[in-house]
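Chemist: Mind folding the following:
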Amino acid sequence: MSTNKPTRPNYFLSILTMKCPKCRKGPMFKDNNPFHFKLSKIFDMYDNCPVCGQKYELETGFWFGTGYVSYALSVAFSVFNLIWYAVFFGISWRDNSILIWLGINGVLLVLIQPWLMRLSRSIYLYFFVSYDEKTAQLDKPHHH
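Modeler: Alright, predicted model coming up:
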């Protein structure tokens with residue numbers, strides 16, 4: 001039994017690939033790679049989705065709320081690192097292993113920061129904009 005209903009793009013994959021929350025097809029960022037080391041380009045976003053026209057910055061100062069999301073992601077990442085480090089290496093104050101973990105975790109956080117900052121924008125926008133099946137079916141580039 002086959003229906004012609006298009007499949008809805010995966011919610012979490014759409015967030016991770018930083019696609020528009022409304023159509024889940026258009027990119028949010030002009031360059032998909034956050035690790036091109038020109039820091040001024042990390043947040044180089046489209047004003048609107050190139051596919052459906054959804055406005056990304058919903059109001060002036062909208063992105064300030066992403067600091068909370070970025071903080072939560074950084075804490076979750078650090079807890080994850082603490083757990084795997086403790087399981088594989090053990091952790092103690094006596095042998096300074098906690099300081100070694102702290103150093104490794106700090107370096108890893110700095111290295112993934114461009115991706116974390118973009119991911120926090122993606123997650124934050126998904127809080128406020130819902131998927132719209134009708135918009136997603138249009139599949140025609142939107143021009144301004």
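Chemist: Now do the SS call for the residue of the chain positioned farthest from its centre.
Modeler: Distance to the chain centre peaks in the chain at residue 94, reaching 37.6 Å (criterion: CA atoms, centre = their mean). Secondary structure state of residue 94, per DSSP: H, G, I helix; E, B strand; the rest coil, is coil.
Chemist: Off-centre distance for the longest helix along the chain?
Modeler: Counting by DSSP state H, the longest helix found in the chain is helix 97-128. Chain-centre distance of helix 97-128: 10 Å, with CA atoms, centre = their mean, to the nearest Å.
Chemist: Over it, what's the mean pLDDT, rounded is fine.
Modeler: For helix 97-128, mean pLDDT rounds to 94.
Chemist: and the residue farthest from the centre of the chain, how far is that from residue 112?
Modeler: Plainly put, residue 94 is 30 Å away from residue 112 if you go by CB to CB, to the nearest Å. Any C-beta I mention is one placed from the backbone N, CA and C, and that applies to glycine too.
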